[in-house]
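Participant: Give me a model of this one.
(chains A and B)
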Amino acid sequence: MTREARAETSRSPQVLRGMRDFLPQQMLLRQEIVDRFKAVFERFGFEPIDTPLLEYYEVLAGKYGEEGEKLMYHFQDHGGREVGLRYDLTVPLARFVAAHRHELTFPFKRYHIGPVFRAERPQRGRYRQFWQCDVDTVGTRSMLADAEVLLVWIEALASVNIPNVVVQVNHRKLLQALASHAGVPAEQALTVYRAIDKLEKIGPEGVREELLRHGVSEPAAQGVLGLVQLRGEPGPVLAEVRQRLAGDPQAMEAVAELEELFRYLGLLGADPRRYALNLALARGLDYYTGPVFEAVVEEPAIGSLGGAGRYDGLIGMFLGEDIPATGGSLGLERVVEVVQELQLLHAPSTVTQALVTVFDDESWGVALGLVQELRAGGVAAEVYLGERRDLRRQVQYADRKGVPLVLFCGPDELAAGVVTIRELASGEQHRVARADLVSEVRRLLAARDPRSAST
RNA sequence: GUGCCUCUAGCUCAAUGGCAGAGCGCUGGUCUGUGGAACCAGUGGUUGCGGGUUCGAAUCCCGUGAGGCACCCCA
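Facilitator: A predicted model of the protein is given here:
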């Protein structure tokens, strides 16, 4: 087709801003990570669900605050309905629970892994379509549910070998108490949270300036800074907070909940190096009402790997009656970024485990018989489909794709009733009896990767 | 959404406003019973895209698309 002809029938093969194609190798790594997450989620008793990518705009509107609203994909469908692409998996969950209330067993524990959409300006680790891996428990106020979310995160991230993650913990009501102490009206509280949240980045002086700029008085700002900078073991820090904010019932409630949360974490055997109380942590989303978490990693400067929190009021927006819930999401692309940058996981470069070579035009029957036998025996096997098939080319094909085993069955092997198996990594060759082929192939595969031993 | 930077072959990068190049890769061969190595030969481009300035633009200007950095926000 000429360039002109092509221009008439299609545009350049470009994807939309902030959206990406994935090559097989990238998909294999992504799948590997998702599979490991699923295994951890299920080990804790979370069950899979799915919901549509597209929701009525009304379902999504008014849940994320002004900032979130601006980033939502929103348009009319063919029937003139106002619709939106889901912005996260939490609001769809709230809608899901309200819709299927009578079909669910509570407390309801679910995980949900899939793409969400935000019309942001893309950057590294920040895309317009990205996958979230959510874990939530609906229908209980118990801090044990929150503790489980934190623990499931720690284990999920450990399962993909991410080292040194520290999940930061804070409580939304503690932030509210701080804001009201600072004399900031409720509708301005969010700006105070954000100022506080920047502590790590701009330092106490920067936060002080920002607070003053938002009309906080000098002594109030000092009070806030004094609290927010408390560091150390959760127990003593919470005791200190309890003392300083003694008169504030909201703060006392938050402290009591956090104490309970940390107690459960201890009982569950969570590694204390993997979580920390951070009174400066904010979390921007509007719907949080209780404990909030954020998983941060230092090494690739990629922001947070995930955010979580309790949102006891969100489901009530669909039901008129509150159902408590807690949970959070890990960002798949950020996890992938860390795993790639630090080379933490070695995903296979191809799914194929064995290539059966074709010796000549007369031996198709032999090759196809072998490949079918391997497939029936649970081995991912292919026969070379190219038209020019000298052995050199066939072995090269296997080498480039990273297929570990290449099988030969030419006249010599036929006469002897054997098959030659070549291990590409070492170049080692084995002549095995035709009858033992599948078991020998599986033995060799298991020897190079213990995880593929079963099935 | 705002500001700044970048975009040249499949990849990494060269080229004072004056002939668009190298390395790697890829293709073929040495080599039709076996991949990587070596050697030989070949293949590579609307310089992101569209306009403008100029005798002449990869280079300067405007617009636009994409990527990146900071802000904002967030997974």
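Participant: And for the residue in the stretch 201-350 of chain A positioned nearest to RNA strand B, the neighbour number?
Facilitator: Residue nearest to RNA strand B within the stretch 201-350 of chain A (CB to the nearest atom of the strand): residue A:284, separated by 1.6 Å. Backbone N, C-alpha and C define where each C-beta goes, glycine included. Each residue near residue A:284 was counted by other CB atoms under 10 Å, and the total is 15.
Participant: With residue A:447 instead?
Facilitator: When neighbours are counted by other CB under 10 Å, residue A:447 registers 11.
Participant: Kindly export the helix or strand hosting residue A:175 (C-alpha atoms) in CSV.
Facilitator: Residue A:175 is part of helix A:172-181, with elements assigned from DSSP states H and E. C-alpha atoms of helix A:172-181 as CSV (Å, rounded to 0.1, in the frame of the first residue of the first chain):
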residue,chain,number,x,y,z
ARG,A,172,-8.1,10.9,59.0
LYS,A,173,-9.8,11.9,62.2
LEU,A,174,-6.4,12.9,63.7
LEU,A,175,-5.9,15.2,60.7
GLN,A,176,-9.4,16.6,61.2
ALA,A,177,-8.6,17.3,64.8
LEU,A,178,-5.4,19.0,63.8
ALA,A,179,-7.2,21.2,61.4
SER,A,180,-9.8,22.3,63.8
HIS,A,181,-7.1,22.9,66.4
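Participant: Get me the contact residues on the stretch 101-250 of chain A for RNA strand B.
Facilitator: With CB under 7 Å from any atom of the strand as the criterion, the stretch 101-250 of chain A meets RNA strand B at residues A:118-128, A:130, A:132, A:194, A:198, A:201.
Participant: For the residue nearest to residue A:425 when sequence neighbours are not counted, give me its contacts.
Facilitator: Setting aside the residues directly before and after it, residue A:425 is nearest to residue A:404 in space (CB to CB, 6 or more residues apart in numbering), at 6.5 Å. By CB atoms under 8 Å, 6 or more residues apart in numbering, the residues touching residue A:404 are A:353, A:354, A:423, A:424, A:425, A:444, A:445, A:448.
Participant: circling back to that earlier point, return the subset of the residues of the stretch 101-250 of chain A next to RNA strand B lying in strands.
Facilitator: Among those, the residues falling in strands (DSSP state E) are A:130, A:132.
Participant: Can you go through the residues of the stretch 101-250 of chain A next to RNA strand B and name the buried ones?
Facilitator: Among those, the ones that count as buried by 16 or more other CB atoms under 10 Å are A:118, A:125, A:126, A:127, A:128, A:130, A:132.
Participant: Just send these back as a markdown table, with distance to residue A:348 too.
Facilitator: As requested, these are arranged in a markdown table below (distance: CB to CB, whole Å):
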| residue | distance to residue A:348 |
| --- | --- |
| A:118 | 32 |
| A:125 | 24 |
| A:126 | 28 |
| A:127 | 25 |
| A:128 | 29 |
| A:130 | 24 |
| A:132 | 25 |
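Participant: circling back: what's the closest of the residues of the stretch 101-250 of chain A next to RNA strand B to residue A:249?
Facilitator: The shortest approach to residue A:249 among those belongs to residue A:194, at 24.8 Å (CB to CB).
Participant: Please give me every residue in contact with the residue nearest to the closest one when sequence neighbours are not counted.
Facilitator: Spatial nearest neighbour of residue A:194, excluding adjacent residues (CB to CB, 6+ apart): residue A:282 at 6.2 Å. If a contact means CB under 8 Å, 6+ apart, then residue A:282 has A:170, A:175, A:193, A:194, A:196, A:197, A:292 as its contacts.
Participant: Which residue is the nearest non-sequential neighbour of the last one?
Facilitator: Nearest residue to residue A:292, sequence neighbours excluded (CB to CB, 6+ apart): residue A:309, at 3.8 Å.
Participant: So that neighbour, which state does it fall into?
Facilitator: strand (DSSP: H, G, I helix; E, B strand; the rest coil).
Participant: That one pairs with what?
Facilitator: For residue A:309, the residues forming beta bridges with it (DSSP bridges) are residue A:292, residue A:327.
Participant: Can you measure across stretch A:51-63, start residue to end residue?
Facilitator: Stretch A:51-63 has an end-to-end distance of 17 Å (CA to CA, to the nearest Å).
Participant: right, is it up against RNA strand B?
Facilitator: No - shown here: stretch A:51-63 not in contact with RNA strand B (CB under 7 Å from any atom of the strand), separated by at least 11.7 Å.
Participant: wait, the residue of the stretch 201-350 of chain A closest to RNA strand B sits on residue A:191?
Facilitator: No - using CB atoms under 8 Å, residue A:284 is not in contact with residue A:191; the gap is 11.1 Å.
Participant: Can you say which helix or strand has residue A:264 in it?
Facilitator: In this structure, residue A:264 sits in helix A:249-267 according to DSSP H and E.
Participant: Alpha carbons of that helix, as PDB, please.
Facilitator: Only the C-alpha atoms of helix A:249-267 are listed here, as PDB (Å, rounded to 0.1, in the frame of the first residue of the first chain):
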ATOM      1  CA  PRO A 249     -13.000  13.600  71.300                       C
ATOM      2  CA  GLN A 250     -12.300  13.000  67.600                       C
ATOM      3  CA  ALA A 251      -8.600  12.800  68.200                       C
ATOM      4  CA  MET A 252      -9.100  10.400  71.100                       C
ATOM      5  CA  GLU A 253     -11.200   8.200  68.900                       C
ATOM      6  CA  ALA A 254      -8.500   8.200  66.300                       C
ATOM      7  CA  VAL A 255      -5.800   7.400  68.800                       C
ATOM      8  CA  ALA A 256      -7.800   4.500  70.200                       C
ATOM      9  CA  GLU A 257      -8.400   3.000  66.800                       C
ATOM     10  CA  LEU A 258      -4.800   3.300  65.800                       C
ATOM     11  CA  GLU A 259      -3.700   1.700  69.100                       C
ATOM     12  CA  GLU A 260      -6.100  -1.200  68.300                       C
ATOM     13  CA  LEU A 261      -4.800  -1.400  64.700                       C
ATOM     14  CA  PHE A 262      -1.200  -1.700  65.900                       C
ATOM     15  CA  ARG A 263      -2.100  -4.200  68.500                       C
ATOM     16  CA  TYR A 264      -3.700  -6.400  65.800                       C
ATOM     17  CA  LEU A 265      -0.600  -6.000  63.600                       C
ATOM     18  CA  GLY A 266       1.500  -7.300  66.400                       C
ATOM     19  CA  LEU A 267      -0.900 -10.300  66.900                       C
END
